[in-house]
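A.B. asks: here is the input, now give the coordinates:
(2 chains)
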There are 2 protein chains.
Amino acid sequence: MARANSTGLRRDLELLEVLASPEARRRDGLGVVRVAALAGRETTQVSRALATLCDAGLVDRDEETRAYRLGWRLYTLAAQTLEAHLDAVAKPFLLQVCDQVQETTHLCVLRGLDVVTVATQSQPHAFRVMWEGIPVAAPSTSAGRVLISEWPTEQVREIFTSERLSAGEGRCALTTTEQLLDELAAIRSRGYATVDEEFDVGLVGCSAPVRDARGRIVAAINIGAPKARLGSRLDAAGMLTAHYAGKMSEVLAQDG
Amino acid sequence: MARANSTGLRRDLELLEVLASPEARRRDGLGVVRVAALAGRETTQVSRALATLCDAGLVDRDEETRAYRLGWRLYTLAAQTLEAHLDAVAKPFLLQVCDQVQETTHLCVLRGLDVVTVATQSQPHAFRVMWEGIPVAAPSTSAGRVLISEWPTEQVREIFTSERLSAGEGRCALTTTEQLLDELAAIRSRGYATVDEEFDVGLVGCSAPVRDARGRIVAAINIGAPKARLGSRLDAAGMLTAHYAGKMSEVLAQDG
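C.D. replies: All right, here's what the predicted structure looks like:
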């Protein structure tokens, strides 16, 4: 019973993922039959769960089209997440970095072993939050390396075994645990990280750590750009991200 | 069983509300024992549900303090809501209204019979999203009246009976259905709504309708201000909200 309950919750929460799918987005919501089909569940069960999710505001139903979509309560709950706070604090700093480097600037966080981008500044005077939340394995990006740069050595060894690294992202230049540990040490001493076509062909990136009131690394300010444009000034850009990440950390220090 | 499942889901979703409470916010998360106490449930049950919510990313657990708080996945799901889209489109228009009137400007939507504020522009050059999501009964505010201004007469009569109106908000000047219907007609012909100390003593407000690609009223641009400051130019402010609400509607028309 207890186990059934937890499994039931997990399956019902999957309905939110269905409503967050590109298809739901493209079609401005999905009917109950399609939601059930995508979830691989019975329509009557799904209908009941959607009604409960509607009552809680996590799902909305369009009165005209009868289509279900993600609900307004998600929006107000999201405002109270740590990510929303980091995003709000980061805004002016991302704007300045983007303005000075004239390249897209991100705020990234580590969730599990993945890097997630929570905010993007793509051009001056037009702040745009992407929230895309697409996870990327940490060791293959400068932001990910920054975010794990102060992990204890034994934790890095345990999780990022050489087998795992070499089996992972195709272009990641770090294929052994020792290479990763050396790189993390270099990042700690330099104060920022750079990658050169490791995440993707033709792309370079740099990142620097943002710390909370307790001094823990909670986010990274990141620039990602075509190598042709940013390659020759990648270290200068890295130093700039470190400068503004430090300023953002000063603001977060006042939270404590 | 089906009923138990739906009830279980409802109770598990209440845990999100507990984690959205002022106490959880103030203390940067809550331990499982406190969450269970606030939800009035057994700790072991709540512990299992929180673990499932964590797996789904809707809840995060701080590794150091073991406290639960609202999770990052809420943040990325919220980005796909209609409210996030309205907020993004509204930003430049709210900024211009606030800049010209020098008073706090909101974007409001109707959810059920309540008005919910999804974005707030409080001073030029410092955009701040409040997302407070505190619901207010529609007939007592200018935004609410705008949002129901094109409802069919029979629907207004059915829902906002004179008994209900006079039993509702203390200061609302509209206490009969006929008064409300007259006011809604006036709003339709004028293009904006105003209230004078109806929502609260010393406060005035004005609002105008924002329409989606199908021409339906989906939001209201609202100004709320002390009567001493805005009272003498309330109609001018109303016309300004109508102007920018119209411009925002033009942008939304391109969605269709």
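A.B. asks: where in the stretch 51-200 of chain A is pLDDT low?
C.D. replies: For the stretch 51-200 of chain A, the stretches with pLDDT under 70 are A:123-135, A:168-170.
A.B. asks: let's go with 50 and repeat that
C.D. replies: Within the stretch 51-200 of chain A, the set of residues satisfying pLDDT under 50 comprises A:125-131.
A.B. asks: how about the helices in it?
C.D. replies: For the stretch 51-200 of chain A, the helices defined by DSSP state H, counting those that start in this stretch occupy A:72-78, A:82-101, A:142-147, A:153-159, A:162-167, A:177-190.
A.B. asks: thought A:Glu83 was touching B:Trp72?
C.D. replies: Yes: with contact defined as Cβ atoms under 8 Å, A:Glu83 counts as touching B:Trp72 (5.1 Å). Using the backbone N, CA and C atoms, a C-beta is placed for each residue, glycine as well.
A.B. asks: give the contact list for A:Arg211.
C.D. replies: A:Arg211 sits next to A:217-218, A:249, A:252-253 when contact means Cβ atoms under 8 Å, 6 or more residues apart in numbering or on different chains.
A.B. asks: typed the wrong thing, it's A:Asp196
C.D. replies: Counting by Cβ under 8 Å, 6+ apart, A:Asp196 has contacts A:204, A:227, A:231, A:234.
A.B. asks: who does it form a beta bridge with?
C.D. replies: Taking DSSP bridges as the rule, A:Asp196 bridges to A:Val204.
A.B. asks: what's the overlap in contacts for A:Glu83 and B:Trp72?
C.D. replies: In contact with both A:Glu83 and B:Trp72: A:109, A:118, using Cβ under 8 Å, 6+ apart.
A.B. asks: now A:Leu180: closest residue in space, sequence neighbours ignored.
C.D. replies: Among residues not flanking A:Leu180 along the chain, A:Leu174 sits closest, at 4.7 Å (Cβ to Cβ, 6 or more residues apart in numbering or on different chains).
A.B. asks: and for the one you found, the neighbour number?
C.D. replies: Neighbour count for A:Leu174, taken as other Cβ atoms under 10 Å in any protein chain shown: 23.
A.B. asks: for it, grab phi and psi.
C.D. replies: phi -90, psi 110 (degrees, to the nearest 10).
A.B. asks: circling back to that earlier point, could I get the helices of the stretch 51-200 of chain A as CSV with mean neighbour count?
C.D. replies: Below are the helices of the stretch 51-200 of chain A laid out as CSV (neighbours: other Cβ atoms under 10 Å in any protein chain shown):
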stretch, mean neighbour count
helix A:72-78, 26
helix A:82-101, 20
helix A:142-147, 29
helix A:153-159, 12
helix A:162-167, 13
helix A:177-190, 15
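A.B. asks: A:Ala51: which of those helices is closest?
C.D. replies: Counting by Cβ to Cβ, A:Ala51 lies closest to helix A:72-78 out of the helices of the stretch 51-200 of chain A; the figure is 14.6 Å.
A.B. asks: keeping just the C-alphas, turn that closest one into PDB.
C.D. replies: Output in PDB follows, covering the C-alpha atoms of helix A:72-78 (Å, rounded to 0.1, in the frame of the first residue of the first chain):
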ATOM      1  CA  TRP A  72      -0.300  28.800 -13.000                       C
ATOM      2  CA  ARG A  73       0.600  27.400  -9.500                       C
ATOM      3  CA  LEU A  74       3.800  26.100 -11.000                       C
ATOM      4  CA  TYR A  75       4.700  29.600 -11.800                       C
ATOM      5  CA  THR A  76       4.100  30.900  -8.200                       C
ATOM      6  CA  LEU A  77       5.900  27.900  -6.600                       C
ATOM      7  CA  ALA A  78       8.800  28.400  -8.900                       C
END
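A.B. asks: is it anywhere near chain B?
C.D. replies: Yes: using Cβ under 8 Å from any Cβ of the partner chain, helix A:72-78 reaches chain B at A:72-78.
A.B. asks: which elements pack onto that helix?
C.D. replies: Under the contact definition 3 or more Cβ pairs under 8 Å, 6 or more residues apart in numbering or on different chains; DSSP states H and E, helix A:72-78 sits against helix B:72-78, helix B:82-101, strand B:114-121.
A.B. asks: let's go with 10 Å and repeat that
C.D. replies: strand A:59-61, helix A:82-101, helix B:2-19, helix B:72-78, helix B:82-101, strand B:105-111, strand B:114-121 (3 or more Cβ pairs under 10 Å, 6 or more residues apart in numbering or on different chains; DSSP states H and E).
A.B. asks: close to chain A, is the helix or strand just after the third one?
C.D. replies: So the one you mean is helix B:2-19. The helix or strand immediately downstream of helix B:2-19 is helix B:22-26, counting by DSSP states H and E. Yes: Helix B:22-26 lies within reach of chain A by Cβ under 10 Å from any Cβ of the partner chain, at B:22, B:24-25.
A.B. asks: let me know the closest of those residues to chain A.
C.D. replies: B:Arg25 (6.0 Å; Cβ to the nearest Cβ).
A.B. asks: ok, now which ones touch the closest residue to the closest one other than its chain neighbours?
C.D. replies: Nearest residue to B:Arg25, sequence neighbours excluded (Cβ to Cβ, 6+ apart): A:Gln80, at 6.0 Å. Applying Cβ atoms under 10 Å, 6 or more residues apart in numbering or on different chains to A:Gln80 gives the contacts B:19-22, B:24-25, B:69-70, B:74-75, B:131, B:133.
A.B. asks: pick the one among the residues you listed closest to A:Asn222.
C.D. replies: Nearest to A:Asn222 among the contacts of A:Gln80, with distances taken as Cβ to Cβ, is B:Tyr75, at 17.4 Å.
A.B. asks: can you pull the contacts of the closest one?
C.D. replies: The neighbourhood of B:Tyr75, defined by Cβ under 10 Å, 6+ apart, consists of A:74-75, A:77-84, A:86-87, A:109, A:116, A:118-119, A:129, A:131, A:133, B:57.
A.B. asks: for A:Leu16, same thing?
C.D. replies: A:53, A:58-59, A:70-71, A:74, B:56-58, B:73-74, B:77.
A.B. asks: among the contacts of A:Asp196, which lie within strands?
C.D. replies: A:Val204 (DSSP state E).
A.B. asks: most neighbours, which of the contacts of A:Asp196?
C.D. replies: A:Val204 (26 neighbours).
A.B. asks: ok, that one touching A:Val195?
C.D. replies: Yes: counting by Cβ atoms under 10 Å, A:Val204 does reach A:Val195; the two are 6.7 Å apart.
A.B. asks: are there residues contacting both of those two? Which ones?
C.D. replies: A:142, A:224, A:234.
A.B. asks: how about the residues you listed in a markdown table, adding distance to chain B?
C.D. replies: Shown next, in a markdown table, are the shared contacts of A:Val204 and A:Val195 (distance: Cβ to the nearest Cβ, whole Å):
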| residue | distance to chain B |
| --- | --- |
| A:Ser142 | 20 |
| A:Gly224 | 19 |
| A:Leu234 | 29 |
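A.B. asks: kindly report the domain assignment for chain A.
C.D. replies: Per the record, chain A has its domains at A:2-76, A:81-253, by automatic domain parsing.
A.B. asks: B:Thr161: which of the ones you listed is closest?
C.D. replies: Using Cβ to Cβ, those put domain A:2-76 closest to B:Thr161, at 21.1 Å.
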